[in-house]
Every structure is written in structure tokens, then in C-alpha cells.
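**Q** Prediction below, plus the sequence it came from.
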Protein chains: 2
Amino acid sequence: MASNDFVLGLKCRVCGKLYPKAANFFCPDDSGPLEVAYDYDRIQPNVSRAKFTSRPRNMWRYRELLPLDGEPTVGPQVGGTPLIRADRLADALGVERLWIKNDAVNFPTLSFKDRVVSVALSKARELGMRMVGCASTGNLANSVAALSASAGLETVILVPADLERVKIYGTALYGAKVVKVSGTYDQVNRLCTQIVMKYGWGFVNVNLRPFYAEGSKTVGFEIAEDLGWRFPQHVVCPMAGGALIGKIHKGFTELSRLGLVDAPVTTKMYGAQASGCNPISDCVKSNRERHKPIKTPNTICKSLAIGDPADGYFAAKLIRDSGGWAEDVTDAEIVESMLLLAKTEGVFAETAGGTTLAVAKKLIESGRIPRNEEIVICITGNGLKTQDAVFDAIDEPTIIKPTLVDFEALTGATEAVAEPALA
Amino acid sequence: MASNDFVLGLKCRVCGKLYPKAANFFCPDDSGPLEVAYDYDRIQPNVSRAKFTSRPRNMWRYRELLPLDGEPTVGPQVGGTPLIRADRLADALGVERLWIKNDAVNFPTLSFKDRVVSVALSKARELGMRMVGCASTGNLANSVAALSASAGLETVILVPADLERVKIYGTALYGAKVVKVSGTYDQVNRLCTQIVMKYGWGFVNVNLRPFYAEGSKTVGFEIAEDLGWRFPQHVVCPMAGGALIGKIHKGFTELSRLGLVDAPVTTKMYGAQASGCNPISDCVKSNRERHKPIKTPNTICKSLAIGDPADGYFAAKLIRDSGGWAEDVTDAEIVESMLLLAKTEGVFAETAGGTTLAVAKKLIESGRIPRNEEIVICITGNGLKTQDAVFDAIDEPTIIKPTLVDFEALTGATEAVAEPALA
């Protein structure tokens, strides 16, 4: 059965009014953002743990809870990334039970954005769109370019001109038209909205945003399924536009609502930002209802550098309502945590991952997250995309000649370090 | 049941003599390399398609055919990468049925090496080793460093000094001791053999090689399973040391031997190298029994730049026996194919992937691979690791101011390109 049967429409997150399922993205009455609304009563008899797990391990095993009319036609193999039991990192942080949700190995472009983009572009095709695009801080650009290339869609991608070289070239290589814009992400985003209003192109995080954002719920579905159909006590999540944290929680809520997890959602949600661009964490920490936009973001963590986040209000509200908290960390703390994650768990995360781990560490040390409760840290992108941020902190390896004598001189190896079997 | 029950020992690939299951890697009689030998009669009643598919989607679902005594303790979530139906690339190449096996998104370090390393390091722990390492052209270094970090093993890694910066720093960041050696890979490899002979450390591709190499069979298992438990007619595979191509074929042979695929193995195997380091393809093409070592490799495809490949003889023999062929391609052809793969399928492969696709293209154009038969191309590593090779071939995107007027001036967009719904 196609999942379209279960979508009621797009609902205004401010006034609750329902609109048709189309490329609409804001409520004409109050400019509130729209969100996909489902008929859970009709979904319930059509889903079960057994049905989900019998399908291939990717995000589409939860397709009844995603807003497509038919089968996915873009990115049918996205998701299904590992949830890693991180005992060595847990020891380093002094906590008992810690997991890493590792979207740094997501197919095809190594970030959680592949989840949202595959939903948005599959929907764009359902809507008959020929031209797609996005405003991006990098990962989204990679993902839209790769997935639209695989689908043969025409693509235009707008990025801030100061973005990392690897993210710009790593987008252009897929054949997308890449436009560098001299300005902040927020300026790029406003330009994209103008383009969408004039041309009607399918910009995944503008007019396709309601569909797009639903893809992030699958991070929550996978965490719960991999924990044995239960919820963790604490989830730490990076925040850029602020949508991901809310969608993970929405995913949990849906599993609970449908009886797939036999418990209410009591998970506390924690948001992570860089101190150089911290509108949401500042909003939470200073107990304001609405965030103050950051005009000139200044951090190595460019993928989170959105000064005026679209979902900032909702993210801050969710964090408070769930009993969680938000924090931000310096660039030095970000790099330190990237190295800590690599050295303890063998996971190379991008700067956003370093931010998330550093915030988790800070929240544990401050007592906000108890050391004896279960924690999931969301790693959303791969370190190879922001390699310069961390490589500068690593010592240059020494060069030797290819002889055993030189090797021993360098390493100080002597017979004493031979394995016992040979000693 | 632990899989150790099924390993008979290590068998010399030259004389066939059987040795105990230990960190042995060559036959004292004739210096032949050793290979893990299994008791397939005893494996048969213990495996089935249903048993494999009921397990989590990673390489360990085939654990009865891997040489560990117990459960894997290093890399328990490696493998299970997508097999992609590549219709757009097939159109570009003028063939009917084409698949990409995409190890560019392998967990944790984005190459097929994670498969072999997780076997080798799990075995190292079973053997009680405390110190591990490798000689590497890059991907192996990343993988050994990451997986040994996750297991808390001490690690030393030797690489040629001219390796790409990203592979060197992307190894050191995991806390491994990285030693740059001024010399070719073959010189690095010989030094590692000296270290192993003196200290008994667990070098994954030296004294752990028989166990290590078995991990590559899982590429073959996954291809066959994802095709619905059958074999493709043609597999194109990159060759560095020459082990992978043989192990994919061994994987097929085992599935056939055990009745898991209900057909003999008639797959033709094709090997891909760069023209700047082509000992095995040269050996095949010139119809020699043994390859001539290449003293000074010269190609952008450093991950395949092994001048004197350990399994060169066996790779060439297998290619001939299977009815396949080998080819090599220029650096320009490698880059061109990296871009072709990105633009048609949204897959960013490293130079080795460009090499493999370029060779496939050459073999199709020359008629060696028929256009109407089913082809699988093995992509073994991620393009982010060799990004400079391809970024130099991409035009610098233009910078504009954040206004619609500037956007339209750059792109030539006018009302005529609006989506039909808005027109």
C-alpha cells in the first residue's frame, strides 16, 4: 500500500490549519511553517515491528511514516547507519552507557542530509518538478548534488562563498550548477526563497521543506529499533536550522503513539551549537522564548553556522519541554572532541560531530546529564569534509629511510617490546 | 556455534601443505603464501540463505565462512554496503545491466579495507597480540588506525612518504603512530616484514594476511545475495596487491560449493590497474605467467601503486582461468571516469574507483565485455580521500552578490524556466 493514504496534509505549526499536500511551505494566515500531518489511526493496523525489520535495512523500511505517494525513486538505499556501543568513549567521559549514532557513513554522501534529501527529491519527482536545488552550508549541497545526479534532475545549489573547498568542489563534481554567494547562509537562504517564489523550482529546504524535514525522523526510528524498540534517556544532537532535534523526537513520539515502542517518550533532548554561532543554545540558556539571530557567525563549524535558524523557536521549546538543555562550545573544544572520538571509537566526525561530543561532555561535567543514565550522541557528518579543522592539530609524522635500524631509532623498539610468543 | 570449528588450518597455495591456524604467513618449504582452508562438508549443514539473511546486515552474517574462533570483537558492524543498480551509467556506457558495489560508504573508514582489517584485528586479539600495524598505501592505514583505536590496541603504521596528506593525517588522528618511509610501497612492505620477523607484532597484511584476506570474500557474498543468490556474468575489480579479485571469486565458489547459489561459478573476472603501475594487467595482456615488478610507480592512483604485488601471480591466473581480462588506464582516463560516475550515479569514488570504471569502459568498448550481459563494478574507496586528483579538473564556481538580479544574470534564468505549475 502506498503511504500517501496516510498523509492528511500539511499543517501550520502555529495555527494548526491544514493545507493540501503540495509544495507549500508556510501558512498564508500567520506565516507559520507547515509540517506533514498523518492519520495515525489508519497507519496503526498497517505497521508492526516485524514488518519494518523484514524490509532491507535502510530508512525506507519505515515508509508508512514518510510522506511519499509511492515508492522512493531517489536514494532508495539511504540510511540504516550503525548505532555503536561506545564503551571506550564512555570510559573517557565517565558515563555508564553511551551510544554513537553514526551518520558519517550514510549513503551516498556521508551525512544525515541524505535522509532528508532522498525524501525531498522523491517528492519533487512526484510533483513533476524538473529543476531542484538548495541553499546549503555544505553537507546538504553534497547530498542534493549527488542524489539529483543519480536521478537525472537538473540542479542549482547556492552556498556561502567562504565554505570549505571540499564541500564546494565535492558538490560541483556531480555536475550540479554551484553558485557561490558573498554573504552569510541566511542571505543565501533568503535569495533561494526569492528564486523559489519566482520560478517554482523544487528547493529541498525551502518549498519542499515540510517533506524534506520528515526524513530526519528515521534517525529516531533507527535509534529506537537498534536499542530493541525502546528510547534512550538522553539524546544529544547538533543544531543548525534546528529541525533535526525536533524530528528525532517526533520519530520517537510516532513509535510510541503507534505502540511500536511500548512506553511514553521521556527522552530528554539536548541541542549542541558552536559558541561562534549559538542562537538556539543562547535562547535556551537565557530562558528567552525566541532566539536572537546571530549576524556574523564565526566558527570552524560552518555546517552549523546558521545565524537565524528556521526551526529555532521549535527546537528551543522542545528542548525545554523534554527536560533537556542546550550548550555551545569553542572551536578548540570542537577539535579536541573530534580527536577524542577518533582515538576512543575510531570514528572520524566532522566539526559538527566534534561540537556535539564537546557539548555532551560539558553537559555531563556540569551534571545536566547524569553519568549513570543512557546517552545517545548523534554524529551527522564525516570528518573528511572538514579535515583541515583537525589536521592542523596533528603532529607531522617523521620520515625515515626504509631500514630496520632507522625504524628502531625512531620508535625506540627493542627486543623488550616483542610479543610474548616470540620473547 | 563458533566458526573455529570449521577452519582446517592454513594451506600453502603452492604445495598444498597444511599448517596450524596461527600467525603464519608463508610455507617454510617453498615460501608459498598460506590461505585459510575450511571444512566445507561440516559447514554445509550449519549455513543457509535464511540463516544469513536473518542476521544484521553486515559482513559478519557470513561468519561461518570467516576464520575467527569466536565472535568478532573489532568492527562488528563493518560491511553490508549497497549494491546499486546503475541505469544511468549503463546508458552512458551503452550496456544493458550494470551494478555498482559501493564500498565507498563502508563503516568506519569508507573503503573495503574495513572488511579485511576487522577480521585481522579480531584474530590478532584472539592470538593475544597487543601491538598491531600495517604497511599501507592509505586506505589500509585509515582502517587499521580507526579499528585498532576502537579496540584499544597499540598501533604502528608505515606509509610511503609521498602519500596524500589526507590519508596520512586521516590515520594519525586516530592516535596511531604513523611512520613515513622514504621509498616505494614495496620498500615499506619489506621493512614491515623485517619488523614482524623480529618483534612478532600483528601486521594485518604481513603475518595476519591469511586471515585478513578472507574478509574480502564478503564483497562476493554480498554481491551474490543482493542479486538474489546468483552470480553476475562479469565483475570488474581494482588490483593493488591482487588479493581482492581472487577473494571475491573465492566467495562465489564457496556459495556454489555450499549450495547457497544453485549454479556453478561462471563469472568472468576483470582486473583494473593504472598504466603508471600495471604489473598484473601487463602480465595478463602480455600472456606471461609471472608479473614483472614495477620499480617506480607513477600514477595519481596511489592506492593501487604496488609495484610487486603479493598476489600478482594468483590474480593473473584467476583472471585467465575465469575467461576474464585485465587492463590499465591513464591518469586522465581515471579522472574522467571519477567524474562520469559522480555525474551519472551520484557516487564519489576515489582514484581506484575511477581506474576500475575506466577499465570497464575500455573493456566494453573493445568488446571484451559484451554489452548485453550483466556487469558488476567494484568501487572500493571514497573520493574524499583523493579529492585533489579530481578537484583540479572542476571549474571554480562563480561568486555573486546575494540578489535575484545577480543570480539571473549568472544563470540566465527567466520566467521561461519556471516550473509548469507556475507558468
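**A** That came through fine. Just so it is clear, the model here is predicted, and its values are computed rather than measured.
**Q** Any stretches of chain A with poor pLDDT?
**A** Residue ranges of chain A with pLDDT under 70: A:1-4, A:415-417, A:420-423.
**Q** Stretch A:130-137 and chain B in contact?
**A** Yes. Contact of stretch A:130-137 with chain B (CB under 8 Å from any CB of the partner chain) involves A:Arg130, A:Met131. For glycine as for every other residue, the C-beta is placed from the backbone atoms N, C-alpha and C.
**Q** now do stretch A:324-337
**A** No. Using CB under 8 Å from any CB, stretch A:324-337 never reaches chain B; the gap is at least 10.2 Å.
**Q** do the same with stretch A:59-69
**A** No. Looking at stretch A:59-69 against chain B by CB under 8 Å from any CB, there are no contacts, and the closest approach is 11.0 Å.
**Q** Between the two ends of that stretch, how far is it?
**A** Terminal residues of stretch A:59-69 are spaced 16 Å apart (CA to CA, to the nearest Å).
**Q** buried sites along it?
**A** By 16 or more other CB atoms under 10 Å in any protein chain shown, the buried positions in stretch A:59-69 come out as A:Met59, A:Trp60, A:Arg61, A:Tyr62, A:Arg63, A:Glu64, A:Leu65, A:Leu66, A:Pro67, A:Leu68.
**Q** Including secondary structure, could those go into CSV?
**A** Shown next, in CSV, are these (DSSP: H, G, I helix; E, B strand; the rest coil):
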residue, secondary structure
A:Met59, helix
A:Trp60, helix
A:Arg61, helix
A:Tyr62, helix
A:Arg63, helix
A:Glu64, helix
A:Leu65, helix
A:Leu66, coil
A:Pro67, coil
A:Leu68, coil
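**Q** List just the nearest of those residues to chain B.
**A** A:Arg61 (11.0 Å; CB to the nearest CB).
**Q** Skipping adjacent residues, who's closest to the closest one in space?
**A** Spatial nearest neighbour of A:Arg61, excluding adjacent residues (CB to CB, 6 or more residues apart in numbering or on different chains): A:Arg55 at 3.8 Å.
**Q** ok, now A:Val144?
**A** Per CB to CB, 6+ apart, closest to A:Val144 is A:Cys134, 4.7 Å.
**Q** now do A:Val47
**A** Closest to A:Val47 by CB to CB, 6+ apart is A:Glu64, at 5.1 Å.
**Q** Show the contacting residues for that neighbour.
**A** Residues near A:Glu64 by CB atoms under 8 Å, 6 or more residues apart in numbering or on different chains: A:Ser3, A:Phe6, A:Ile43, A:Asn46, A:Val47.
**Q** Please flag which of those residues sit within helices.
**A** A:Ile43 (DSSP state H).
**Q** May I ask which of the contacts of A:Glu64 has the most neighbours?
**A** A:Phe6 (23 neighbours; other CB atoms under 10 Å in any protein chain shown).
**Q** check contacts around A:Tyr174.
**A** A:Ala145, A:Ala146, A:Ser148, A:Ala149, A:Thr155, B:Ala342, B:Lys343, B:Gly346, B:Phe348.
**Q** quick check, it in a helix?
**A** No. According to three-state DSSP, the state of A:Tyr174 is coil, so it is not within a helix.
**Q** tell me the phi and psi of it?
**A** phi -80, psi 0 (degrees, to the nearest 10).
**Q** what's the answer for A:Pro160, then?
**A** Taking degrees, to the nearest 10 as the convention, A:Pro160 sits at phi -60, psi 140.
**Q** so what does the host helix or strand of A:Ser150 touch, helix or strand wise?
**A** A:Ser150 belongs to helix A:139-151 when elements are defined using DSSP states H and E. Under the contact criterion of 3 or more CB pairs under 8 Å, 6 or more residues apart in numbering or on different chains; DSSP states H and E, helix A:139-151 touches helix A:113-126, strand A:131-135, strand A:154-160, helix A:165-172, helix B:331-345.
**Q** Convert that helix to PDB, retaining C-alpha atoms only.
**A** Taking Å, rounded to 0.1, in the frame of the first residue of the first chain, the C-alpha atoms of helix A:139-151 are listed here in PDB:
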ATOM      1  CA  ASN A 139      26.500  18.700   3.500                       C
ATOM      2  CA  LEU A 140      23.200  19.500   2.000                       C
ATOM      3  CA  ALA A 141      24.900  20.700  -1.100                       C
ATOM      4  CA  ASN A 142      26.800  17.400  -1.500                       C
ATOM      5  CA  SER A 143      23.700  15.400  -0.900                       C
ATOM      6  CA  VAL A 144      21.400  17.300  -3.300                       C
ATOM      7  CA  ALA A 145      24.000  17.200  -6.000                       C
ATOM      8  CA  ALA A 146      24.700  13.500  -5.700                       C
ATOM      9  CA  LEU A 147      21.100  12.300  -5.300                       C
ATOM     10  CA  SER A 148      19.800  14.600  -8.100                       C
ATOM     11  CA  ALA A 149      22.600  13.400 -10.300                       C
ATOM     12  CA  SER A 150      21.600   9.800  -9.700                       C
ATOM     13  CA  ALA A 151      18.000  10.700 -10.700                       C
END
